[in-house]
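K.L.:
can you look at this prediction? I've put the sequence above it.
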Amino acid sequence: MPNPFTGKTIRAVITDVDGCLTDGRVGFTSNGDSVRHFHTHDGLGTQLLIQAGIHVAWLSAGSKPESIFARAQTIGVEHVDVNRDEKGQRFLDLCAKLGVDPAHTVYMGDDLKDLPAMAHAAISACPADAVKQVRDAAHLTLTRNGGHGAFRELADLILEAR
């Protein structure tokens, strides 16, 4: 299959968090702190994109976002939007904040709340275990599951096409 990013100018990758960068499960400690498991390959993929001059931002509807912000800071993601509002407008707002036209963005999502953002991106992608409606809507369904290297697979495809 040809690389879908060949000949495209990608300036930003915006992704959902739970279900894309994690396996979708959220645990809680006895103190009520949230625990999410992020894959190290996805972290390195994020850093490689940033080093290549491609913005990486996170768009989440997750609750208890402390672990999201902590992971983002650890790997150098500067733009993180966490709230429950509709993701289409939030995606456009993030693009404006990044100074990137949506026509030069990739969005990765895994569930129904991601569909509005996916509709605005030049290329939409999803992990292999995304819900059917998202797989049907995505331009690219990755071979890896969310939280198991799907973002790294996406990053590698983008970087290989440059």
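P.N.:
Happy to help now that I have it.

K.L.:
burial of the closest residue to residue 16 other than its chain neighbours, as a residue count?
P.N.:
Among residues not flanking residue 16 along the chain, residue 109 sits closest, at 4.6 Å (CB to CB, 6 or more residues apart in numbering). Every residue, glycine included, has its C-beta placed from N, CA and C. By the criterion of other CB atoms under 10 Å, residue 109 has 30 neighbours.

K.L.:
following the helix or strand hosting residue 45 in sequence, what is the next regular element?
P.N.:
Using DSSP states H and E, residue 45 sits within helix 40-51. Note on helix 40-51: by DSSP H and E, the next helix or strand toward the C-terminus is strand 55-60.

K.L.:
do you know how far the residue nearest to residue 16 is from residue 29?
P.N.:
Using CB to CB, to the nearest Å, residue 109 is found at 28 Å from residue 29.

K.L.:
right, and the residue nearest to residue 16 touches residue 15 too?
P.N.:
Yes. Residue 109 is within contact range of residue 15, at 7.4 Å (criterion: CB atoms under 8 Å).

K.L.:
so where do the helices sit in this structure?
P.N.:
Per DSSP state H, the chain carries helices over the ranges 40-51, 66-75, 87-98, 115-120, 132-137, 150-160.

K.L.:
so who does residue 22 touch?
P.N.:
By CB atoms under 8 Å, 6 or more residues apart in numbering, the contact list for residue 22 reads 36-38, 146-147.
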